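[1] Sequence below, structure please.
(chains A, B and C)
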Amino acid sequence: MVCTYHMPSVALTRVRRKALTLLPNQDFVTELLNQLNEPQRQAVTHTEGPVMIIAGAGAGKTRALTYRIAHLINKGADPFQILALTFTNKAAREMKERVMELIGHAEGRNVWMGTFHAVFAKILRIEGHHLGYPSNFTIYDTDDGKRLVKNIVNDLNLDAKTYPASFVLHRISSAKSNLFTPEDYLNNSEVRSNDQVAGKPMIGEIFKSYNARLKRADAMDFDDLLFNTNLLFRDFPEVLYKYQHKFNFILVDEYQDTNHAQYLILKKLAALHENICVVGDDAQSIYAFRGANIQNILNFKHDYPDHQLYRLEQNYRSTNVIVQASNKVIANNKDQIKKTIWTDKGEGELISLLRATSDNEEATLVVNSIFGYKMAKQLPNKHFVILYRTNAQSRTFEEALRKQNIAYRIYGGLSFYSRKEVKDILAYFRLVINHNDEEAFNRIINYPARGIGKTSIEKMIVLANDMNTSLWEIANTLGSLNSGLNRPTIARVEEFTTMIRSFAAQLATKDAYELAKHITSSVGLIKTLKEDDSPEGISRIENIEELLNAIKDFTEKEVDQDVEGIVAGPRQLNEFMSEVSLLTDADNDDPENTDYVSLMTIHAAKGLEFPYVYVVGLEENLFPSIQSLSARSDLEEERRLFYVAITRAEEKLTLSYAESRYRWGNLTMCEPSRFVEEIDPALIEKPRRAGFSSPAKSGQPHQAGNFVKLPSTPVTSPVQASPEDKLQLDNFEASDTVGLQNGMVVLHQKFGKGKVISVEGTGPNKKATVFFNGYGQKQLLLKFARLQILDE
DNA sequence: GATTGTGCCCTTTTT
DNA sequence: GGGCACAATC
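    Next comes the predicted model:
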């Protein structure tokens, strides 16, 4: 955990001003700088004034940042005065580790290093009272936000189909990222007419209510952390001055991904010293969908006319084949700053392209390829990563890896902290810490069941809305209100609030683990879960145990002293909770067992590198995604995403696609992605496919890159001959299985003889359900299955 | 009020 | 294929 929040009572004014004991060590500095190339060295040693570093993929961006921090401290800068902002916890942690390696643990840990959200949350816990927030405010995640929007849509008697929670929330998020208040939103005629045209005129009203409900719950969503920080610095100059003064040196990673709110905060913070160094690559901007604004790179040039620009164009990561392929791909984008990325790492292996008939076969092919390389070259699992566009694609690879007994780890997806049972327990902790947290209240008031039903809760919510107060307040004054609840129900609600209060009373006296354990056992959740002895039920209990273990680790862990003057002591539950809300699954690495194949979305892979990279699911409508095809800017973002994907590879890049894939339980036809065609064919090895053999079964995996090629399969590069290829396939289907009917006996190259159960769909989507002896029922796309009719 | 059953939407991507 | 909201039934 990088950015640790500590007790808010410890004010920043209790400064433990460190004497600058570390004298510049000339040998060390020289050695440090000798490890850099010329532009890197210039960027690192140019410490005063605004600096922008435009760095290509693999050009040593992180290295420049970490060395810069080390160099600053060596020159005598106080680590407490350095602020380094990243976009992911993982990036922040890695940077911190590298800085500590360079200059030692004692100094390195004092640098303020964390994600925008984590650092600003920390500041808001200390300063939020200026804006009317208590220091124990809750951070609502997307899930909480969606529930709240749903409730509001319901309360306003709006149609849930016209106002889907995720859509509304996205609009609200964009508005907040651009610093729109609900009032700004409602008064903006352009926005309003957009909503009007879209048939969703009430979004502004929902936004207004959403913000009011957040405030009432003493809660902020992710966007509020930025919005409110900006507000704080805008309206409270003395607070701004304090932090301007504190952060003498500001460093920002992945600057191309900053949104408008982040841009303005940075501008304000840096205004006093103007010692701001931003590092970015426009080609790797992949977060425009959540408000990132590449224009911020241009704004930087305008805001700081005397800035110095450094370009890092030498790629140290990848082979020439990979660098050339990525240059070619990104050249298709109109919007870009021209760069010439080069490497002297040597040509390297050609890019492999795997073509599979189905998503399952794609997974088998990829995993067999991994297995082959592992065996042939004796490589550890951690050299491999499988990258995909959407989280949903992980399943088939997971299964294939499990079959081959290869250790793997999935990043993202349904994260540990978003599992229902974990969220339930966390809701108890949240409510204990912040009684006004309504999402938590709603979640657990009747879970486990304590006889407080839906109608009772509805009545309380109506009361809360009428009196504009929190649910907690209503729950505590039910006896004196004309609530319409019956006496036994009121008694049960009172029992609940009394219990929560008794937990709260122990916040200060028990450490995080003791209290968490006490709450978990007192509320009877484990007991409820134990009644379910299915595998899922058992895994739920295990997850809760895992959560308690995590809290135990946290409690025992040494306090990271990155707030000045912090008093070490047993760590408490509210400290744990303030960290957990900004955590994602990727932040839970098990240090004991690190040798696994990684599976993650391309977004999650940004900033990482692996020797062997598999980019899978390269199909039109999946990658690029179907939503991106209507606007050029969206398509270009997808292309940048592809660029990010292929530039993760150090030695060997393998691309794959499937010709058919299950989506939403339906078999869909796929065409290879246009991105594959954008790579110079000379850089790609002839495509291979596994044909219809079943390699996983034999236990005899193929040698690296040596798949069975079936003579009957037309093997052509999709780059050169895909139309022709398709034509052949179409003809095949038309001539051979056009008259396929129920009850016919057919021959399949892999499954053998089978009987047709049903035929559905038309044209290229025509498919048959066939029962094969020994294989069972299969759904086959006629276009690919090449069924031979034996008998009628 | 709780439990079980049924239809409906879903899939971008993350802090 | 699966999770979740709503409906029907005890």
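
[2] contacts, neighbours, all on C-alpha from now
    OK.

[3] What residues of the strand or helix carrying residue A:366 count as buried?
    Using DSSP states H and E, residue A:366 maps to helix A:359-377. Buried residues in helix A:359-377, counted by 16 or more other Cα atoms under 10 Å: A:359-374.

[4] same question for that helix, mean pLDDT?
    The average pLDDT for helix A:359-377 rounds to 94.

[5] which helices and strands sit right next to the helix or strand following that helix?
    Using DSSP H and E, the helix or strand that directly follows helix A:359-377 along the chain is strand A:384-388. For strand A:384-388, the packing partners by 3 or more Cα pairs under 8 Å, 6 or more residues apart in numbering; DSSP states H and E come out as strand A:597-601, helix A:602-605, strand A:610-615.

[6] let's see it at 10 Å
    Applying 3 or more Cα pairs under 10 Å, 6 or more residues apart in numbering; DSSP states H and E, one finds that strand A:384-388 contacts helix A:359-377, helix A:394-403, strand A:408-410, strand A:597-601, helix A:602-605, strand A:610-615, helix A:632-646, strand A:649-658.

[7] Between helix A:394-403 and that strand, find me the angle.
    Between strand A:384-388 and helix A:394-403, the angle comes out at 160 degrees (axes from the mean of the first three to the mean of the last three Cα atoms, to 10 degrees).

[8] Name every strand pairing with strand A:384-388 and say which way it goes.
    strand A:597-601 (parallel), strand A:610-615 (parallel) (DSSP bridges).

[9] hmm, who's touching the longest one?
    Outside strand A:610-615, the residues within contact range by Cα atoms under 10 Å, 6 or more residues apart in numbering are A:317-318, A:352-354, A:366-367, A:369-370, A:373, A:379, A:381-389, A:598-599, A:601-602, A:642, A:645-657.

[10] What residues of it count as buried?
    Judged by neighbour count using 16+ other Cα under 10 Å, the buried positions of strand A:610-615 are A:610, A:611, A:612, A:613, A:614, A:615.

[11] what's the most distant pair in these?
    A:611 and A:615 (12.9 Å; Cα to Cα).

[12] and after the helix or strand encompassing residue A:206, which helix or strand comes next?
    Assigned by DSSP H and E, residue A:206 falls within helix A:203-216. Using DSSP H and E, the helix or strand that follows helix A:203-216 towards the C-terminus is strand A:219-221.

[13] show me what contacts the closest residue to DNA strand C within the stretch 351-500 of chain A?
    DNA strand C sits closest to residue A:420 of the stretch 351-500 of chain A, with a gap of 6.7 Å, by Cα to the nearest atom of the strand. Under the criterion of Cα under 10 Å, 6+ apart, the neighbours of residue A:420 are A:426, A:540, A:543.

[14] Is DNA strand B within reach of the helix or strand containing the first one?
    Read that as residue A:426. Element membership for residue A:426 (DSSP H and E) is helix A:420-433. No. Using Cα under 7 Å from any atom of the strand, helix A:420-433 stays clear of DNA strand B, coming no nearer than 14.9 Å.

[15] buried residues in that helix?
    Buried-residue list, helix A:420-433, by 16+ other Cα under 10 Å: A:421-433.

[16] go on, stretch A:394-404?
    Buried-residue list, stretch A:394-404, by 16+ other Cα under 10 Å: A:394, A:396, A:397, A:398, A:400, A:401, A:404.

[17] Show me what it is in contact with.
    Against stretch A:394-404 from outside (Cα under 10 Å, 6+ apart): A:359-368, A:370-371, A:386-388, A:405-411, A:413, A:597, A:599-601, A:616, A:696-697, A:699, A:701.

[18] returning to what we had before: let's have the buried residues of strand A:610-615 in JSON lines, adding pLDDT and distance to DNA strand B.
    JSON lines is the format used below for the buried residues of strand A:610-615 (pLDDT from 0 to 100; distance: Cα to the nearest atom of the strand, whole Å):
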{"residue": "A:610", "pLDDT": "95", "distance to DNA strand B": "17"}
{"residue": "A:611", "pLDDT": "96", "distance to DNA strand B": "21"}
{"residue": "A:612", "pLDDT": "97", "distance to DNA strand B": "20"}
{"residue": "A:613", "pLDDT": "97", "distance to DNA strand B": "17"}
{"residue": "A:614", "pLDDT": "96", "distance to DNA strand B": "17"}
{"residue": "A:615", "pLDDT": "96", "distance to DNA strand B": "14"}
